[in-house]
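In: predicted model and sequence follow; I will ask about them next.
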Amino acid sequence: MRAIKTGNESTFLAGLAADPALRGSERDYFDNLQDLPLARFGYRLDTASVQEQQADDGSYRVQAELTVVTQLDGFDDRPVRAPARFVFERADDGTLLLTSTHDAAWEADHGVTRQPWETERVEVINSDQVLGIFDKPSAAHGWQIVDDVADALAAIRPELPVEWDSGVVVYGLSTTEFLSSLADLPGGVPDRLDGVAFPVPISPGSQTYASTRFLLHPRMVGRRDDARRRLIRHELVHVGLGRLDDRIPTWLSEGIAEYLAARPIAPQDRLISRDAVNAAQRGITELPSDQEFNGDDSSANYGIAWFACDYIADTYGESTLWKLFNVMRAGNGTASADQDEVLRDVLGVGEADLARATGDRITSVFG
Ligand SMILES: [Zn+2]
């Protein structure tokens, strides 16, 4: 796409049909691409897919499948390939004019997740290690969010047992449209999530990721407070660990994220959900299972997971928390149903004892 690289908008638009909506959305897309840091961008045509059909009115319609290749410079480890279907019409003089670049049903069939910069004009803030993607209504909060992410990155990066050089992409949008389009949302209910870290596969369905990005729910975008800063640190733990926490009990991956997110806050200012305190007062006899973690009791579960990790780090030392993490994820990983033996090996106590100690710790700190 020479026109993109040279920033030549008239060349980019020249092949489009005279459809104001299409020209408007393609102009927005072109402008977005100018604002994004692109290591790679291009279209690859699948020549075997090209089909030409004559319509009843005698006009010709050409349909072609392509791959859109995008790699964010400094943020994606690999290029991302997304299938697309373009439709052209043959003009009277024989030239082809693009009439459609987007087909929702076809894209759903092919597992395509449309990026915000493919659906609307976005506000891009690129600040060295942090790339912020906002829309018009959320843009006013953009710089503050990007600054908070940079601070959180400085706090979290040294804490994780991983090599982590690439920057972080954060989406702060004013609607849940993109959030709802993500596959495999924890708990499956977008409005229950304040934020989510999500993988970007190199092609739909691939188990190889170009990066892990995160987004803030619209209700968190405008909150200029400790709750948003803590949430950002939480999501950054998931971003930094990437796939490493995929196959450990959910309470452990969420608990480590909560533990590291809360730690920079002075102990007397750390907040836990009322639901977690209530559960602790009733007595906790088991840890939240993988199946139930993001269900109806999720607000209690996050607090319990946090304090289970807080208890482990305080009692056995933080290195033991990471040892548990490593032993849990070894081999094919460990589901919560099979964790008891691992807990006994690493901590010397099983799930029931750890759950009870967690509850006691919550009631001793929060009453
Ligand atoms: Zn989380």
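Out: Yep, it's here.
In: which residues sit against the host helix or strand of Leu354?
Out: Applying DSSP states H and E as the criterion places Leu354 in helix 351-366. The contact list for helix 351-366, computed with CB atoms under 8 Å, 6 or more residues apart in numbering, reads 272, 276-277, 279-281, 283-287, 303-304, 307-308, 310-312, 315, 339-340, 343, 347, 349. The way it works is simple: take the backbone N, C-alpha and C, and place the C-beta from them, glycine included.
In: pull out the buried members of the residues you listed.
Out: Restricting the contacts of helix 351-366 to buried positions leaves 272, 276-277, 279-280, 284, 287, 303-304, 307-308, 310-312, 339, 343, 347, with burial counted as 16 or more other CB atoms under 10 Å.
In: in helices only, show me the contacts of helix 351-366.
Out: Among the contacts of helix 351-366, the members falling in helices (DSSP state H) are 276-277, 279-281, 303-304, 307-308, 310-312, 315, 340, 343, 347.
In: now do the SS call for the nearest residue to Glu65 once chain neighbours are set aside.
Out: Beyond its immediate neighbours in the sequence, the residue positioned closest to Glu65 (CB to CB, 6 or more residues apart in numbering) is Ser49, lying 3.7 Å away. Under DSSP: H, G, I helix; E, B strand; the rest coil, Ser49 falls in the strand class.
In: what is the neighbour count of Ser49?
Out: Applying other CB atoms under 10 Å, we find 13 other residues in the vicinity of Ser49.
In: which phi and psi values does Asn126 adopt?
Out: When quoted as degrees, to the nearest 10, the phi and psi of Asn126 stand at phi -110, psi 100.
In: try the one 3 residues further on
Out: Torsion angles at Gln129 (phi, psi; degrees, to the nearest 10) stand at phi -100, psi -10.
In: what strand or helix carries the residue in the stretch 1-150 of the chain that the ion sits nearest to?
Out: In the stretch 1-150 of the chain, the residue found nearest to the ion is Val149; the distance is 15.7 Å by CB to the ion. Here Val149 is covered by helix 142-156, with elements defined by DSSP H and E.
In: distance of Val365 from Tyr316?
Out: To Tyr316, Val365 is 18 Å away according to CB to CB, to the nearest Å.
In: I meant Tyr171, not that one.
Out: Counting by CB to CB, the separation of Tyr171 from Tyr316 is 37 Å.
In: so the two - more neighbours on which side?
Out: Neighbours around Tyr171 and Tyr316, counted as other CB under 10 Å, are more numerous at Tyr171. The numbers are 24 against 15.
In: is that one in a helix, a strand, or coil?
Out: Following three-state DSSP, we place Tyr171 in the strand state.
In: check contacts around it.
Out: Residues Pro116, Gly132, Ile133, Phe134, Phe178, Arg213, Phe214, Leu215, Leu216 are the ones in contact with Tyr171 under the rule CB under 8 Å, 6+ apart.
In: taking these one by one, which sit in strands?
Out: Among the contacts of Tyr171, the members falling in strands are Gly132, Ile133, Phe134, Arg213, Phe214, Leu215, Leu216 (criterion: DSSP state E).
In: who's the first one bridged to?
Out: Going back to what we said before, that points to Gly132. For Gly132, the beta-bridge partners are Ile125, Val170 (DSSP bridges).
In: off-centre distance for stretch 266-278?
Out: Relative to its parent chain, stretch 266-278 has a centroid offset of 26 Å by CA atoms, centre = their mean, to the nearest Å.
In: start to end distance for it?
Out: Distance between the boundary residues of stretch 266-278 (CA to CA, to the nearest Å) amounts to 23 Å.
In: and the average pLDDT for that stretch is what?
Out: Taken as a whole, stretch 266-278 has an average pLDDT of 96.
In: for the protein, give me the ranges with low pLDDT.
Out: Per-residue confidence of the chain (counting by pLDDT under 70) places the weak regions at 1-7.
In: how about the residues of it near the ion?
Out: Glu254, Ala257 (CB under 5 Å from the ion).
In: next, Ala348: phi, psi?
Out: Rather than Ala, residue 348 is Gly. Dihedral angles (degrees, to the nearest 10) for Gly348: phi 80, psi 0.
In: can you map out the helices along the stretch 151-300 of the chain?
Out: For the stretch 151-300 of the chain, the helices defined by DSSP state H, counting those that start in this stretch occupy 177-181, 218-221, 226-241, 250-262, 274-282, 298-316.
In: what is the neighbour count of Tyr60?
Out: Residue neighbour count, defined by other CB under 10 Å, stands at 14 for Tyr60.
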